[in-house]
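Colleague: Quick one, structure for this:
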Amino acid sequence: MLSSSPTLMVTESTTPSIPSKRGSFILSLSCTSDPLVSHGRHFGRTVFALCNYPSLLTNGILRLEQMEDVPLEEFSADKRREHRVFEQLLESYPGLLERLKNGSEEEILHVGELIGKGAAGARGDDTKTMKSAVLDWIALKGEAIRPPLHRNSKIDRGFNHELTGSLLCPAGLDWNNPQTKDNLRSGELLVCGDQWPVFLYAHHTYDAEDPWCGLLRSRLLVCAYKHVFTSPSSVDREPKATRSGNARLHGMNSVTVASMAYIATQVRFALSSSSVFSRTDMATDSETFYHSLLDLLEDPDESKEVDELLVWWNRQVFPTSAAAKRPITANSALSKIQQKRSALKQTSNPNVIPP
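Modeller: Numbers count the residues shown, from 1 in each chain. The predicted model follows:
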């Protein structure tokens, strides 16, 4: 019988120690080439990034058994979210459920470790490449950053530098206020993960009266998204129908809410002075930040704003996809024609339900 274990937490995958160097090489090669690793890379970026996958699978299988007697609605909110992630993983990888149901506990843990290896590897790769690339995106065109920021060291970033500090300053606080700036730099003013930085907003402008206005629509986020999903060379180019990169490799043609939260988390970390991405790092509090964005973006009460946000994002990244299509303008000639045609169809066949 499987035992329940902690759920959506960040842990690195562990690999059993093999005394033979040859055995270690073969194990490493098989883990790297397994399609589950590649799937984990994309799943972590687009569905759920900060996850203990062995626990996700173990708990998911146990919960399927429990749900024969207890409906999902009666589980806690955290467990319901975990199960949604579990179901998305099963849906995205045909045959995985049968493999898990028929496998031993060791097999389930091994599958989780392979997926986790992919997710952690992708996160590490993105963290590494974005550390340098983010400096190109935040510099004014044709101007150098003053004082200079090092590409291979982050010690002078975060609130230590005027530019990165202004971008990381929590929305609602005034970076230009000397007292605020000093308190942020000294750590006297501790920034929690759910205090969102102003760089999330278009033109880095926050409207306290309308906090949705411009949220997650900054150029900086779009640059980072293209860097990860459509290739680094696509950042400064006009979007094209044909593209290389991670999105094309995985058949991705629309933006997901989790991928937005993931990119925002990566940019926030790249601007910070922290050198190692860690869930337990209270300076960045990355897990809280990521979850707080998902809480908003997955909230049914915010669906109208989120749908509009996704359309905007798809226009930036996947302009030829159906997800980027604009709704027909109200009172336009086209809308009038369609309304008239619908009315005629309804008159000729009253049993037809109008769209």
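Colleague: does S335 really touch S342, like I thought?
Modeller: No - using Cβ atoms under 8 Å as the test, S335 is too far from S342 to be in contact (10.4 Å). Backbone N, C-alpha and C define where each C-beta goes, glycine included.
Colleague: From A270, how far off is P148?
Modeller: Distance from P148 to A270, counting by Cβ to Cβ, to the nearest Å: 16 Å.
Colleague: Looking at those two, which is more packed in?
Modeller: More neighbours surround A270 than the other of P148 and A270, with 26 against 10 (other Cβ atoms under 10 Å).
Colleague: What strand or helix carries the nearest residue to Y93 once chain neighbours are set aside?
Modeller: When the adjacent residues along the chain are set aside, Y93 lies closest to H39, with 5.6 Å between them (Cβ to Cβ, 6 or more residues apart in numbering). Of the helices and strands defined by DSSP states H and E, H39 is found in helix 35-46.
Colleague: Same question for I155.
Modeller: Following DSSP H and E, there is no helix or strand that holds I155.
Colleague: what residues are up against it?
Modeller: Taking Cβ atoms under 8 Å, 6 or more residues apart in numbering as the criterion, I155 is in contact with S273, S275.
Colleague: Quick check: the gap between it and S278.
Modeller: Taking Cβ to Cβ as the criterion, I155 is separated from S278 by 16 Å.
Colleague: now the helices for the stretch 151-300 of the chain?
Modeller: Under the criterion DSSP state H, counting those that start in this stretch, the stretch 151-300 of the chain carries helices at the ranges 162-168, 178-186, 219-229, 246-249, 257-271, 286-297.
Colleague: Select from those helices the stretch with the lowest mean pLDDT.
Modeller: By mean pLDDT, the lowest-scoring of the helices of the stretch 151-300 of the chain turns out to be helix 246-249, with a mean of 72.
Colleague: still on that earlier bit, for the helices of the stretch 151-300 of the chain, give me JSON lines that also has distance to R80.
Modeller: Formatted as JSON lines, the entries for the helices of the stretch 151-300 of the chain read as follows, by distance: least, Cβ to Cβ, whole Å:
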{"stretch": "helix 162-168", "distance to R80": "32"}
{"stretch": "helix 178-186", "distance to R80": "36"}
{"stretch": "helix 219-229", "distance to R80": "28"}
{"stretch": "helix 246-249", "distance to R80": "29"}
{"stretch": "helix 257-271", "distance to R80": "16"}
{"stretch": "helix 286-297", "distance to R80": "13"}
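Colleague: Which of these sits closest to K117?
Modeller: Taking Cβ to Cβ as the criterion, K117 comes closest to helix 246-249 out of the helices of the stretch 151-300 of the chain, the separation being 16.5 Å.
Colleague: quick one: the helix holding H39 to helix 257-271, angle?
Modeller: Relative orientation of helix 35-46 with respect to helix 257-271: 80 degrees, computed using axes from the mean of the first three to the mean of the last three Cα atoms, to 10 degrees.
Colleague: Show me what secondary structure element comes after helix 35-46.
Modeller: Under the assignment DSSP H and E, the closest C-terminal helix or strand after helix 35-46 is helix 53-66.
Colleague: what about the longest helix along the chain, average pLDDT?
Modeller: In the chain, with assignment by DSSP state H, the single longest helix is helix 105-138. For helix 105-138, mean pLDDT is 96.
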